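*Asks:* everything below, folded, please.
(one chain, ligands or ions: 2)
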Amino acid sequence: MTEISGSLDEFRAAAEANGIHTVEVAAPDTQGHLRGKRVPVGRFFDSVHDGGVNIADAMFVFDMQNDLPDNEFVNMDTGYLDAHLVPDNSSGRMLTHRPGYGIVFADAFDENGNPHPLAPRSVLAAQIERCRAAGLDPVVATELEFYLCTPDWNPVQDHIQYSSLTDGLEFEACLADMRSALLGAGIEVEGSNAEYGPGQFEINAGPADAMTAADNTVLFKSIVKQVAVQHGLRATFMPKPWAEQSGSGMHVHTSLTADGANAFAACSDGEPNDLMKNWMGGLLEHAEAMTLLGTPNSNGPKRIRPYTFAPTHICWGLDNRTVLARCIAESGSKANRVEFRSAGADANPYLIIAGILAAGVDGIERKLDPGALSEGDVYGNPGDRTALPTDLEGAIAAYKDSSLATQLGDMFSRSYVSISEAEVPLAAENNPEADDVNDWERARFLEHS
Ligand code: GLU
Ligand code: MG
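*Replies:* Ligands and ions are numbered 1, 2, ... in the order given. Here you go, the predicted model:
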């Protein structure tokens, strides 16, 4: 499991040993983009490590293009206040793909000194606390797919060779640098492979505590994009860049630790224990509402289509890539976990993980039953399983006024919904086709997803 240095002294020692001149004080915005300030290393360890830095709270209401849709909490009348970013010094790492730079994640506070209600790290922290109050510590891993592109945003390949170790050797130097940079930043790399799309790749990161996993995921995306540029290429986490090719998902694996051990381990082969069933019961109960957290923009829902390996119906199963919640339950295995497969690669990891934790712990509190397991081809035989929303309006409708929205915080949810709602008329005007992905959409989402 990823362990990050843990203390300010260890971060300072690592900064000295690595000749760091600049520390990036970073916080994720609502789109999952890392923003912050670059601070000279001396100033960081003198004062910024506990004094923090300021940044405009506009970052929490930006759309993907940094436009500011109308927002009831952050607007001209409120004056676009400063949010105060205070480093979480236990999260400091080195950015070895940019020698001389280190990075530390920061929590955002509002003008009254309270955790900023719109900050993704605040939203996730509250749900981690909820799990811990129930005696359960969540362990999370995300699995991200992306397309490698030319500088003019075409895929670097025109053919698919899934997991080939022979094809695509011309990109291996770039992939190797990505793996090294991720390892350098303290992200455990399990492996990488060519995915089922032309120029599509996947790099798997190891599990970590929920906040570290979310930090790792936004840093992963930033590093993959930067290393691609260092190789004269581009990388995109746009969830469905080309209608006829595979989408890029962000699969989220969760398990729970109780008394130092995986609480899903004790089971019979293929038969999840009661705790795991209740956790999945919660995930399925809130799955429709959760869709918006996984597909916040107009492009993401276009990935939710039959026979794409993205899930279309609310169901669980064992080793089956057509289900929404894939459950790994082997007798005594500490690797037992639930893989939630509906989020696109543009999802904000803090928010989709917060949604999963809220849903799962609700399932445990209410002892929710996930129902019968699904076997075989769920696309062809969904039975009475409920379909997931396949467009942004449907995803918004399922989240708005939902119990999940309340659990994640009223102010956060209202702001979050309003950002997605502003996408609907834009998409209707510029690409009204439900299944088509056009140049307007690629111009809007390829570069910054
Ligand atoms: N690309 C698929 C998706 O959009 C997932 C393929 C896989 O199972 O890894 O979710
Ligand atoms: Mg994959």
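
*Asks:* what helix or strand is the nearest residue to Arg130 once chain neighbours are set aside located in?
*Replies:* For Arg130, ignoring the flanking residues on the chain, the nearest one in space by Cβ to Cβ, 6 or more residues apart in numbering is Val361 at 5.4 Å. Placement of C-beta: from N, CA and C, glycine included. Secondary structure assignment for Val361, by DSSP states H and E: helix 349-365.

*Asks:* state the mean pLDDT of the next helix or strand after that helix.
*Replies:* With elements assigned by DSSP H and E, the helix or strand that comes after helix 349-365 is helix 392-399. For helix 392-399, mean pLDDT rounds to 98.

*Asks:* cool, and stretch 239-259?
*Replies:* On average, stretch 239-259 scores 97.

*Asks:* got the CA coordinates for that stretch in CSV?
*Replies:* Only the C-alpha atoms of stretch 239-259 are listed here, as CSV (Å, rounded to 0.1, in the frame of the first residue of the first chain):
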residue,chain,number,x,y,z
PRO,A,239,-14.0,9.8,-21.3
LYS,A,240,-15.3,9.3,-24.9
PRO,A,241,-13.1,11.1,-27.3
TRP,A,242,-14.2,9.2,-30.4
ALA,A,243,-17.7,7.7,-30.6
GLU,A,244,-16.6,4.6,-32.4
GLN,A,245,-13.7,3.7,-30.1
SER,A,246,-13.5,2.6,-26.4
GLY,A,247,-14.1,5.1,-23.8
SER,A,248,-11.7,5.8,-20.9
GLY,A,249,-12.9,4.8,-17.5
MET,A,250,-11.9,5.5,-13.9
HIS,A,251,-12.6,2.3,-12.1
VAL,A,252,-12.6,2.6,-8.4
HIS,A,253,-11.7,-0.3,-6.1
THR,A,254,-12.7,-0.2,-2.4
SER,A,255,-12.2,-2.4,0.6
LEU,A,256,-12.5,-1.7,4.3
THR,A,257,-9.9,-2.2,7.0
ALA,A,258,-11.1,-3.1,10.5
ASP,A,259,-8.7,-3.9,13.3
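
*Asks:* got the buried residues for that stretch?
*Replies:* 239-242, 245-257 (16 or more other Cβ atoms under 10 Å).

*Asks:* how about stretch 286-304?
*Replies:* 286-304.

*Asks:* close to ligand 1, is it?
*Replies:* Yes: counting by Cβ under 6 Å from any ligand atom, contacts between stretch 286-304 and ligand 1 involve Arg303.

*Asks:* picking that back up, correct me if wrong: the residue nearest to Arg130 contacts Glu129.
*Replies:* No: using Cβ atoms under 8 Å, Val361 is not in contact with Glu129, being 10.3 Å away.

*Asks:* mind listing what the closest residue to ligand 1 within the stretch 51-200 of the chain touches?
*Replies:* Distances between the stretch 51-200 of the chain and ligand 1 by Cβ to the nearest ligand atom are smallest at Glu145, namely 5.3 Å. By Cβ atoms under 8 Å, 6 or more residues apart in numbering, the contact set of Glu145 is 195, 197, 200-202, 246-250, 345.

*Asks:* with adjacent residues omitted, what lies nearest to the residue most central in space within the chain?
*Replies:* By Cα atoms, centre = their mean, the chain has its centre lying nearest to Pro349, at 2.2 Å. In space, and not counting its chain neighbours, Pro349 is closest to Thr217: 3.8 Å by Cβ to Cβ, 6+ apart.
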